[in-house]
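Engineer: Have a look at this prediction, sequence included:
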Amino acid sequence: MKSYEKFKDNLPFYPPFNGFPKEGLKFLRNLKHNNNRSWFKLHKLEFEEFVKLPMQSLVNDLKPLVQEFAPDFLMDPQKSIFRIYRDVRFCKDKSPYKTHIAAIFQPTKNWNDSASLYLHIEPGGIFLGGGMYMPNAVQLKKFRNYLISNSDAFIEIVNSKDFKNYFNKIEGEKLKRVPVGFPNDHPLREYLKLKQFYIGYDLPESACLKRDFLKKIVHIFKKMMPFVNFINNAIKQ
């Protein structure tokens, strides 16, 4: 663990991101088969060096690149990365640790107050997301009202060449019927049924192993921004 020992006393200085290490993916694979506190305690330094620190370096190097087109988005190597510990209070699965590493970037202090950009790395693949995963009732109503008032702008986004080529559709749970108070025959009625609204893009695991992973993330995040901005414009009304 010499490289981690070299940097840990100087954090929050982060070394340049030169690719997510294979050792980090190996750690996450092993964690999946040894998801218990005693194993994690024995291997915690591996997590610190090969998973947490590289992710912090990635976020730190991403920040100036993403803020060129999303200047108000919070990107903090200390705060933007999700904890490895699972909240098992209401879960049947009591495994204490996540077997992936993820980060979220948004224009508000709390990720559930706005549409966000999301980065998820785990053995087997990488997921980049944009949108809102758990909007509350007030946010849903604001989105639906804004959608009706700005239908042309929304149609332009989802029918654009970039949207169709990269994302194709909006993911998320839907109501079976158009919600009460909204027209059943509206041309965008299927979007009015949405209870979640996010888009995603998958990359192979190997994409994270080199420094150009930064460019790939930035490229996809930039394509997501028209959709993300539309949601944020809606819910801040």
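Structural biologist: The structure has been received and is ready for your questions. Numbers count the residues shown, from 1 in each chain.
Engineer: which other helices and strands contact the longest helix along the chain?
Structural biologist: Assignment by DSSP state H gives helix 213-235 as the longest helix of the chain. Packing partners of helix 213-235 (3 or more CB pairs under 8 Å, 6 or more residues apart in numbering; DSSP states H and E): helix 53-66, strand 116-122, strand 125-132, helix 137-149, helix 151-158, helix 161-166, strand 197-203. Quick note: C-beta positions are derived from backbone N, CA and C, even for glycine.
Engineer: Give me the mean pLDDT for stretch 193-211.
Structural biologist: Here stretch 193-211 scores 96 as its mean pLDDT.
Engineer: just stretch 170-182 next, same as before
Structural biologist: 94.
Engineer: OK, contacts around S80?
Structural biologist: 59, 74, 103-105 (CB atoms under 8 Å, 6 or more residues apart in numbering).
Engineer: Sitting in helices, which of these do you find?
Structural biologist: Counting by DSSP H, those place V59 in helices.
Engineer: Take the contacts of S80 and keep only those in strands.
Structural biologist: Counting by DSSP state E, the part of these found in strands is 103-105.
Engineer: so what's P12 scoring on pLDDT?
Structural biologist: If you check P12, the pLDDT there is 69.
Engineer: How about L214?
Structural biologist: Looking at L214, the pLDDT reads 98.
Engineer: Check the gap between the spatially most distant residue from the centre of the chain and N232 for me.
Structural biologist: Within the chain, D185 marks the point farthest from the mean C-alpha position, 33.6 Å out by CA atoms, centre = their mean. Shown here: D185 relative to N232, a distance of 28 Å by CB to CB, to the nearest Å.
Engineer: The longest helix of the chain versus helix 53-66: what angle between them?
Structural biologist: For helix 213-235 against helix 53-66, the angle by axes from the mean of the first three to the mean of the last three CA atoms, to 10 degrees is 60 degrees.
Engineer: Same question for helix 213-235: list its buried residues.
Structural biologist: Neighbour counts over helix 213-235 (16 or more other CB atoms under 10 Å) mark 213-214, 216-217, 220-232, 234-235 as buried.
Engineer: Identify the bridge partners of the most centrally placed residue in the chain.
Structural biologist: Central residue of the chain (CA atoms, centre = their mean): Y118, 1.2 Å from the mean position. With DSSP bridges as the criterion, Y118 is bridged to I104, G129.
Engineer: Show residues contacting the helix or strand encompassing K41.
Structural biologist: K41 is part of helix 37-42 when elements are defined by DSSP states H and E. Around helix 37-42, the neighbours that count as contacts under CB under 8 Å, 6+ apart are 31, 34, 47, 96-97.
Engineer: list the buried ones in that helix?
Structural biologist: For helix 37-42, the neighbour count (16+ other CB under 10 Å) marks F40 as buried.
Engineer: Next: stretch 152-163.
Structural biologist: Neighbour-count burial for stretch 152-163, counted by 16+ other CB under 10 Å, picks out 154, 158, 163.
Engineer: Closest to P16 out of the residues you listed?
Structural biologist: Closest approach to P16 among these (CB to CB): F163, at 32.9 Å.
Engineer: Which residues are in contact with the closest residue to the closest one other than its chain neighbours?
Structural biologist: Nearest residue to F163, sequence neighbours excluded (CB to CB, 6 or more residues apart in numbering): I157, at 6.1 Å. I157 is in contact with 163, 226-227, 230, counting by CB under 8 Å, 6+ apart.
Engineer: related to what we said a few turns ago, element containing the residue farthest from the centre of the chain, please.
Structural biologist: Judged by DSSP H and E, D185 forms part of no helix or strand.
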